[in-house]
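> My questions are about this predicted structure, shown below with the sequence.
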Amino acid sequence: MFSKPQLHLASIFLKIFFRDRQSLFFSLLVPLIFTGVFLFSENEPPKIKLGLVNQSSSALAKDFVEMVNNEPLFELTIGTEDSLKIELIDGNQTAILIVPQSFDYLADVAKLRLMLDASQVRQIGAIQDALNTSLLSIEREIRNIEPMFQLSLEDVKARPQRYIDFLLPGILAYMLMNLCIAGSGFNIVEYRRRGILKRLFVTPIQPKDFIISIVLARMLIVLIQISVILALAINLLNIQVMGGLPSLYGMVILGTFIFLCIGFFLGSLAKTQESIRPIVALVTFPQLILSGIFFPITSLPTIIQPIANTLPLSVLASGLRDIANDGISLFTINGTLIGVLLWIFISFLLATQFFKWKKVAS
């Protein structure tokens, strides 16, 4: 499958990497720190801090306060209006709900007051929905009315999906992109500076042999890094790979090849260490924003979505999510797999066409 010169050159690149302690530190430890910031952050959205002032002594008011207290959306604090208003101004409360003295079965209409900080106005919809649900339940209880409709929820995936389940494949894809581009693009510039490419130019090695050799060496390094991240996620965060680890690793290998070749292409465009950094940032930063790493692409403006869906990071993140969350096999023919195969062809073509020995040797 691989020629003897390719395997020999790959082993040399591995020795160069493992002898460089600084590169070893930044390549192995920094991704762990970067990933840990996201993986071990709070998975569930924080509760809304709601202050409640109960001015009524009726049984109805007590029932309503208990319902609000049992609402999982709220972190309830019961107190006086003056003390809670100070906490609201200081930012320790999101809103204050005031139950009036007229909140009773005998009253025709009881008007509740909701005091809200203007800076927290984006949460008013969630607060109103939760309070309206509690009020509707009380009204049904008073009038002895059964609900006309009931909603039955069926989980077709047979398991709840947490935000961390959505986030992890995207983080793996983004980390993979950074590791690969740094491992090939920056290496090309560094090998040029140290004269390694100039020496290889006079050997029978072809550009494709050189590219395949570095791809093999860096792929082994990346697989080690990804394995460490996956082990932490599976054992500490109870992450389940529904499609199986073999399919997930297969997609990782395909993505590694794509971004290593893109790194070669960028490294061939740049001539110095100073020039490659802005080139890499120009390619990676827009993909971080548009590729659905932290939120679905469907939340982007409609006009941008077709472009975002075709980015290599988007394709890889979608493939990893299909395998990890939806249980799809690597060999399932769908739009994501076709996109991955297209990017393999495009990236390898760019890497081999723009990598010229003579241009480097001059």
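Good, I have the coordinates. Numbering: from 1, shown residues only.

> then stretch 81-97 to CSV, C-alphas only?
Only the C-alpha atoms of stretch 81-97 are listed here, as CSV (Å, rounded to 0.1, in the frame of the first residue of the first chain):
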residue,chain,number,x,y,z
GLU,A,81,-40.2,43.8,47.8
ASP,A,82,-37.6,46.3,49.1
SER,A,83,-34.9,43.7,49.8
LEU,A,84,-35.4,41.9,46.5
LYS,A,85,-35.5,45.1,44.5
ILE,A,86,-32.0,45.9,45.9
GLU,A,87,-30.8,42.4,44.8
LEU,A,88,-32.3,43.1,41.3
ILE,A,89,-30.5,46.4,40.9
ASP,A,90,-27.2,44.7,42.1
GLY,A,91,-27.7,41.9,39.5
ASN,A,92,-28.3,39.1,42.0
GLN,A,93,-31.8,38.6,40.7
THR,A,94,-33.1,38.3,37.2
ALA,A,95,-36.7,39.3,37.9
ILE,A,96,-39.2,39.8,40.8
LEU,A,97,-42.7,38.4,40.9
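
> List the buried residues of it.
Under the neighbour-count criterion of 16 or more other Cβ atoms under 10 Å, stretch 81-97 has 84, 85, 87, 88, 93, 94, 95, 96, 97 buried. (C-beta placed from N, C-alpha, C; glycine too.)

> Need the contact partners of stretch 290-306.
Residues outside stretch 290-306 that contact it (Cβ atoms under 8 Å, 6 or more residues apart in numbering): 167, 170-171, 173-174, 307-309, 311, 313-314, 317-318.

> Tell me which of these fall in helices.
167, 170, 171, 173, 174, 307, 308, 309, 313, 314, 317, 318 (DSSP state H).

> from these, which is closest to residue 253?
Proximity of those to residue 253, judged by Cβ to Cβ, is greatest for residue 173, which lies at 13.0 Å.

> returning to that earlier point: rebuild the contacts of stretch 290-306 as a markdown table, extending it with pLDDT.
Below are those laid out as a markdown table (pLDDT from 0 to 100):
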| residue | pLDDT |
| --- | --- |
| 167 | 78 |
| 170 | 84 |
| 171 | 82 |
| 173 | 87 |
| 174 | 85 |
| 307 | 90 |
| 308 | 89 |
| 309 | 90 |
| 311 | 92 |
| 313 | 92 |
| 314 | 92 |
| 317 | 90 |
| 318 | 90 |
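
> Using JSON lines, lay out these together with neighbour count and distance to residue 208.
Shown next, in JSON lines, are those (neighbours: other Cβ atoms under 10 Å; distance: Cβ to Cβ, whole Å):
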{"residue": "167", "neighbour count": "18", "distance to residue 208": "37"}
{"residue": "170", "neighbour count": "23", "distance to residue 208": "31"}
{"residue": "171", "neighbour count": "22", "distance to residue 208": "32"}
{"residue": "173", "neighbour count": "27", "distance to residue 208": "26"}
{"residue": "174", "neighbour count": "22", "distance to residue 208": "28"}
{"residue": "307", "neighbour count": "13", "distance to residue 208": "30"}
{"residue": "308", "neighbour count": "19", "distance to residue 208": "31"}
{"residue": "309", "neighbour count": "19", "distance to residue 208": "30"}
{"residue": "311", "neighbour count": "19", "distance to residue 208": "26"}
{"residue": "313", "neighbour count": "26", "distance to residue 208": "25"}
{"residue": "314", "neighbour count": "23", "distance to residue 208": "27"}
{"residue": "317", "neighbour count": "27", "distance to residue 208": "28"}
{"residue": "318", "neighbour count": "24", "distance to residue 208": "29"}
